[in-house]
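J.: return atomic coordinates for the entry below.
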Amino acid sequence: MRNLTGDPDRQRLVDAFTDDLVTDLLRQSRGLSLKPLTGEHPVTGRVARMPASEPEYDYVVTGSAQRGNRDTLRVNMRIIDAATSEYLWAGRHEFRPEELASIQTRITRRISRELHVLLLQAASRRAFSQAGVEHGVTEALSRAVSALQQGMRAELSAEAQRWYLTALASDPRNVEALTGLAITCQHLVSNPYWAEPRMVAAASDLGREAAAIALSIAPGHAPAHCVQGMLYSAAGKLDEAGRAFEHALATDAGFGIAHGFAGYNAAFLGHAAETVPAIERAMSLDQADRRHSILLFFGGFAELLLGRTEESISLLHKSLDRNPSYGSAQVFLTAALSAAGRDREATQTAAKFRAQYPGYRTHALEQLWLSRSGSAAYCAQIHPLFEKIRGLGLAN
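T.: Residues are numbered from 1 along each chain as shown. Model prediction:
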């Protein structure tokens, strides 16, 4: 950010704005790597084109502060393609200095959205070229749905994601493709042992952006509201998640999976008693067996929070009957079995998890479950469970 106000006293404000903007971008765009510009890459005028052999970065975010009307500042922000020096986006905001905090939040949100759109476009082009032969949007969407219908596994979600990206290469505003992409991101977020934590964080951010873009095109799209709620819930934004599920169900009261995830979200708010009735309604509305594994896990998790260990064990076993590789169900089954005094079975279940995911330990999983709610009731319920999980060697 350059200070073009002509007032040296404004430099401290501009520097603070820059620092806070970087901090907020890192928080909201965890899949991005940020680095400061150096004197070798001027930001005045057009950015110097990088040699093709030295791709230090893909995009440059830069801006300036100028005097606006009386007692106001005008901030101009730009995103530039580092390889071509083309301006890809520009935004302008005028405000009084005391309004800086709220304006900065809006600017960060917009820049984050635009960067994710650019990354999405680049990924779509790669997926399209990797497909080998040209596929129409309808065929790409059909192949994506077919992959997801085969089950909840990392390789199937990755295949579906490639097809959704292929569809978006031809139709960037396709709501079904954007929502489907968000769903594949949510799969990774809800199964963090599939990938490294950085990739999971990036998927969370990209999924929320994809859902938001879909809703900007089709505000009443129930599946987009639902997956947005799923990703909000996983990020610990439980109130926003609840509102997203309400929007989904207001549009489609028979949307089973939205009932199920709303019940799951309630458990994190300290209302675990609401979860099982919600998943029972969800399962009566949605007959897809692959989703029943998820719903049964939600029920088993809630029953475990409530101290109903035998009921929890029964539901978690049913979840694993439908998807034996469901890591979250395995982890909490170990806690339930341990709480019930069935130590040998708990140890065997823990061993199965370690054998299936040898490079993963549940520290990141523990952080996901511990950090997503500040509810005193939930914290009192979840901490003893992870003490048992750690006791079985899964959190080492």
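J.: can you list the weak-confidence ranges in the stretch 251-396 of the chain?
T.: 361-364, 395-396 (pLDDT under 70).
J.: all helices for it, in order.
T.: Assigned by DSSP state H, counting those that start in this stretch, the helices in the stretch 251-396 of the chain fall at 256-268, 275-285, 289-305, 309-322, 327-339, 343-356, 363-371, 376-391.
J.: just put these in JSON lines and tack on distance to Ser129 and mean neighbour count.
T.: C-beta coordinates here come from the backbone N, C-alpha and C atoms, glycine included. JSON lines is the format used below for the helices of the stretch 251-396 of the chain (distance: least, C-beta to C-beta, whole Å; neighbours: other C-beta atoms under 10 Å):
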{"stretch": "helix 256-268", "distance to Ser129": "33", "mean neighbour count": "26"}
{"stretch": "helix 275-285", "distance to Ser129": "39", "mean neighbour count": "20"}
{"stretch": "helix 289-305", "distance to Ser129": "30", "mean neighbour count": "24"}
{"stretch": "helix 309-322", "distance to Ser129": "36", "mean neighbour count": "20"}
{"stretch": "helix 327-339", "distance to Ser129": "33", "mean neighbour count": "25"}
{"stretch": "helix 343-356", "distance to Ser129": "34", "mean neighbour count": "16"}
{"stretch": "helix 363-371", "distance to Ser129": "33", "mean neighbour count": "16"}
{"stretch": "helix 376-391", "distance to Ser129": "43", "mean neighbour count": "16"}
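J.: tell me which of those lies nearest to Gly31.
T.: helix 363-371 (15.9 Å; C-beta to C-beta).
J.: quick one: the closest one to helix 376-391, angle?
T.: 160 degrees (axes from the mean of the first three to the mean of the last three C-alpha atoms, to 10 degrees).
J.: quick one, helix 363-371 and helix 256-268 angle?
T.: 80 degrees.
J.: output helix 363-371 as CSV, restricted to C-alpha atoms.
T.: Taking Å, rounded to 0.1, in the frame of the first residue of the first chain, the C-alpha atoms of helix 363-371 are listed here in CSV:
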residue,chain,number,x,y,z
HIS,A,363,-3.9,-34.2,17.0
ALA,A,364,-5.4,-32.3,14.1
LEU,A,365,-8.7,-34.2,14.5
GLU,A,366,-8.7,-33.3,18.2
GLN,A,367,-8.1,-29.6,17.4
LEU,A,368,-11.0,-29.8,14.9
TRP,A,369,-13.4,-31.1,17.5
LEU,A,370,-12.1,-29.1,20.5
SER,A,371,-11.8,-25.7,18.8
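J.: in a strand, Val61, correct?
T.: Yes: the assignment for Val61 by DSSP: H, G, I helix; E, B strand; the rest coil puts it in a strand.
J.: any idea how far it lies from Ser102?
T.: Counting by C-beta to C-beta, to the nearest Å, the gap from Val61 to Ser102 is 20 Å.
J.: tell me which of these two has more neighbours.
T.: Val61 (20 against 10; other C-beta atoms under 10 Å).
J.: per-residue confidence at the more buried one?
T.: Reported pLDDT at Val61 in the predicted model: 91.
J.: which residues touch the nearest residue to it once chain neighbours are set aside?
T.: Take Val61 and drop its neighbours on the chain: the residue closest to it by C-beta to C-beta, 6 or more residues apart in numbering is Ile79, 5.6 Å away. By C-beta atoms under 8 Å, 6 or more residues apart in numbering, the contact list for Ile79 reads Tyr59, Val60, Val61, Tyr87, Leu88, Trp89, Ala90, Ile111, Glu114, Leu115, Leu118.
J.: all strands of the stretch 51-200 of the chain, in order?
T.: Applying DSSP state E, counting those that start in this stretch to the stretch 51-200 of the chain gives strands spanning 59-67, 73-81, 87-95.
J.: so for the second one, mean pLDDT?
T.: So the one you mean is strand 73-81. 89.
J.: next one: the last one
T.: Taken as a whole, strand 87-95 has a mean pLDDT of 88.
J.: tell me how far the residue nearest to Thr275 when sequence neighbours are not counted lies from Asn191.
T.: Excluding the flanking residues, the one nearest Thr275 by C-beta to C-beta, 6+ apart is Ala302, at 3.4 Å. Distance, Ala302 to Asn191, using C-beta to C-beta: 19 Å.
J.: ok, Leu32 next?
T.: Counting by C-beta to C-beta - Leu32 and Asn191 are separated by 23 Å.
J.: higher neighbour count, those two?
T.: Asn191 (20 against 17).
J.: state the distance from that one to Leu165.
T.: 19 Å.
J.: by contact count, what packs against the longest helix anywhere in the chain?
T.: Criterion DSSP state H: the longest helix present in the chain is helix 100-130. If contacts are counted by 3 or more C-beta pairs under 8 Å, 6 or more residues apart in numbering; DSSP states H and E, helix 100-130 sits against helix 11-28, strand 59-67, strand 73-81, strand 87-95, helix 154-170, helix 197-217.
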